[in-house]
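**Student:** generate coordinates for the sequence data below:
(chains A, B and C)
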Amino acid sequence: MKLRRLVQRGTSLGPAVVVGVAGFGLWEGTVRAFGIREFLLPKPTSILAELQAEWPVLRHAGWETGRIAVSGLLVGILAGVLLAMFTTRFRTLNEGLTPLAVAVNATPIVALAPIFNAWFGITGTLSNQAVVIAVVFFPVFINTARGLTEVHPDEIELMHSYAAGEWTIMREVRVPNALPFFANALRVVAPLSVIAAIVAEYFGGPQDRIGNVITSNAGFARYDVAWAAIAVASAVGLALFAAALLVERVSMPWRLAVGGSDSNNNPGRET
Amino acid sequence: MARVLRSVVTTALAILVIVAVWEGYKWAGQQTGGNWPGTGIELPVSTDDIIMPHVSDIAAELVSDIRDGRSTLPVSVFLLKKAWFTLQEAAIGFFLGSAVGIGLAVLMLRWRVAERGLLPWINVSQTVPLIALAPIIVTWGRNQGLPDIVCISLISTYLTFFPVAVSALRGLQSPDSAHVELMRSYAAPWRTTLFKLRLPAARPYLFPAFKIAATLSVVGAIVGEISIGTKTGLGRSILEFAQRYAVWPERLYASVIGAAVLGLFVFGMISLAERLVLRRTDEVVA
Amino acid sequence: MSTGGDVPAVVVDGVGMVFNEGTGGEVAALDGIDLTIRAGEFVTLIGPSGCGKSTLLRLIGDLLTPTAGGVSVFGRSAHESRTGQDYGMVFQHAGLFDWRKVQANIELPLELRGWSRSDRGARSSEMLDLVKLDEFSDHYPRQLSGGMQQRVSIARALSFEPRLLLMDEPFGALDEMTREHMQSELLRIWGETGTTVVFVTHSISEAAFLSNRVIVLSPRPGRVHSIIDVALGERTPDTREDPDFFAAATTIREALRSVGGAE
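**Tutor:** I've put the predicted structure just below:
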């Protein structure tokens, strides 16, 4: 049974692998065939070569950027979830804050980076982390608050029929109900945290990170190194995305048991 | 009407609260000399006029004059002009990205194997910080003789297509089998089913994605401007004012507020479009 | 499970219910309802949409508070009875928690009452036996059919042996075949447990087949129009073809017609 599922998964990944191999092959082939100069589009093979050659620098830069992204991600998630749980207990507060959060989320939050630099200084990483926290916080808060409040009325009535208190309802109904919504937000913010960290680096901070490696190498026309740095950043983002998917599966075994599909369908959005 | 009034009141109230917290914190900090009350521990954010200018000073800055090339004009008008440029970049990026997104969704709808082959890569694309590639894209674009505005739009396009592609696919797949079978009973070709059934059914899915995409297109435009050093645009102003922060902190705040307003503006435009497009179905339901 | 002598299961005394009271948008849902349900009875509430039958059920369960009159359950106020968890409730949609397996869903009310794990396990397997779902204890609700989900919901409602079972159109979303099967199952369970049942339905045949008494409500505001005794004795599949069954259904149908509730 298990083996069959594994084989099924393998074949379902098949087209993706084919597309990936074909895509990279096409890239390599085009660059070679048309003699496209490296500064426009380096070959995947030369990017790979630079990845090896510059590995110590890239590893360090990836680690530093990753640290800022992950720490900001965790704090942002925690803050978003806690505030969502808090506001759920006070309906008017929730109804007032949610539209405000939606509005703030519609603004380019990364533009706050220079202000955070002024507030927290540019010698440490705090101001960059603050950008990541702000970018992560709003989607998490909005989605989680929705998941905590958009509960089927029958389920609340059932809990009332058991004379259950607010806290029990939170634990037994609201939190499980919010999990798919939270997972959606997680899928979005996990890779976003890396991008926010890199953008924040444009505005200043320590100079040994991915964003700086990209800009400085691009400045010296060493585009293959810049691309290698991007590959490293993608790997970090991909790892966080995978972690988000893992959290989703582990925390919601009932979804796996039912659909078994891991498509992109936003599971929380009932329409 | 009551809803409009309520949202106006909520917004005003929210702004009031933010101003009160800002000025309150500043006032409290200045009472204690920048420390937590009763301790020698510094507050996380300094409360002096450089780090936290008075709200009234920021507001005053919006109407004070600034030099723009040869002319002199109020900061707010200056920012509006810059925002107009950024809006153009964002708009090109938004429409290009939406077109690419919907195109990919239709492709994935038509061939199941395309969905299985492309969807994982579309997901992966979101982890590639293409925004960091802005300098390269612009170098490339300039070599092709493309104006900067198009190059920056490409960054917006890259950020925009993802939410549209994913939501459009979901929307196109949303009609239930009864409707699809109905179309089949009419012997409707695939294209007719797409236009008469699937696209209309996808609208409620598309608009939330358009809202996300619109915001992202502004983010892409601003970050693009910052990273490649255009001569104009809101991102450029933010960068410029950030460098002169020690002299004119109010201007940085003004420009960031300008960015926020631009974000809200495009969000509002999409919401408006959503109302207009979806109104008819609403009326049927109600 | 003593029913306490002759204490009636439910007494509804002059109950009225007005929604949005004092806002100008008032809606009178129920008015002057008097009703006594004996312990061990199976009573059905039937009436056209808007007659307030679901509201009445929720007033008995203290999920809503009446704006006039009072409700008592087994001699206690409805509120005391709810906090004492005297009744179980079943909704039209099974209302199972997706994130709990079948067994854990049945054990939910027991958990909330602080039962030990082993006691819960013993009771839930008893209940699974009662609703004939022993093999499915380890499934998630979404893996079951609608009828099976509703059986789990009934098992959950009965798990703590409540003296009163409140059911709000529990079979309304099921197909006809499943529905008839569930009706027979419910009567079997009712016979085995001796629970009092208050059952809300739209269906005339369902009301006739299940109940000792059918209470017909008239709409806007909801009032008791008539109370119809149904004496069909022991129900069997043949009961559905019995002339007495048709006679009972006809009586109910005529009562509904006279309150303007064409089915």
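**Student:** can you tell me the SS state at the residue lying closest to B:A201 once chain neighbours are set aside?
**Tutor:** Closest residue to B:A201 in three dimensions, ignoring its sequence neighbours and counting by CB to CB, 6 or more residues apart in numbering or on different chains: B:P175, at 4.6 Å. For the C-beta atoms, the positions are set from N, CA and C on the backbone; glycine is no exception. Counting by DSSP: H, G, I helix; E, B strand; the rest coil, the backbone at B:P175 sits in coil.
**Student:** and for C:P170?
**Tutor:** Classified using three-state DSSP, C:P170 is coil.
**Student:** which stretches of chain B form strands?
**Tutor:** B:65-68, B:71-74 (DSSP state E).
**Student:** the last one pairs with which strands, parallel or anti?
**Tutor:** Using DSSP bridges, the strands paired with strand B:71-74 are strand B:65-68 (antiparallel).
**Student:** picking that back up, between the strands of chain B, which gets the lowest average pLDDT?
**Tutor:** When the strands of chain B are compared on mean pLDDT, strand B:65-68 scores lowest, with a mean of 78.
**Student:** buried stuff in that strand?
**Tutor:** B:I66 (16 or more other CB atoms under 10 Å in any protein chain shown).
**Student:** got it, and stretch C:157-170?
**Tutor:** By 16+ other CB under 10 Å, the buried positions in stretch C:157-170 come out as C:157-160, C:162-170.
**Student:** quick one: which of the residues you listed is nearest to chain A?
**Tutor:** Within the buried residues of stretch C:157-170, the smallest distance to chain A is 7.8 Å, found for C:L166 (CB to the nearest CB).
**Student:** pretty sure the closest one sits in a helix.
**Tutor:** No - applying three-state DSSP, one finds C:L166 to be strand, outside a helix.
**Student:** what does the stretch 1-150 of chain B have sitting close to chain A?
**Tutor:** B:7, B:10-11, B:13-14, B:44-46, B:50-51, B:113-114, B:116-121, B:123-124, B:126-133, B:135-136, B:139-140, B:143 (CB under 8 Å from any CB of the partner chain).
**Student:** what helices or strands is the one helix or strand C:V216 maps to leaning on?
**Tutor:** Counting by DSSP states H and E, the element that carries C:V216 is strand C:213-218. Secondary-structure packing of strand C:213-218 (3 or more CB pairs under 8 Å, 6 or more residues apart in numbering or on different chains; DSSP states H and E): strand C:42-46, strand C:223-229, helix C:243-258.
**Student:** could I get these as JSON lines with distance to A:R67?
**Tutor:** Listed next are the helices and strands packed on strand C:213-218 as JSON lines, based on distance: least, CB to CB, whole Å:
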{"stretch": "strand C:42-46", "distance to A:R67": "63"}
{"stretch": "strand C:223-229", "distance to A:R67": "70"}
{"stretch": "helix C:243-258", "distance to A:R67": "71"}
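**Student:** can I get the ones you listed in a markdown table with distance to C:E26 and mean neighbour count?
**Tutor:** Converted to a markdown table, the helices and strands packed on strand C:213-218 look like this (distance: least, CB to CB, whole Å; neighbours: other CB atoms under 10 Å in any protein chain shown):
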| stretch | distance to C:E26 | mean neighbour count |
| --- | --- | --- |
| strand C:42-46 | 23 | 25 |
| strand C:223-229 | 17 | 16 |
| helix C:243-258 | 26 | 16 |
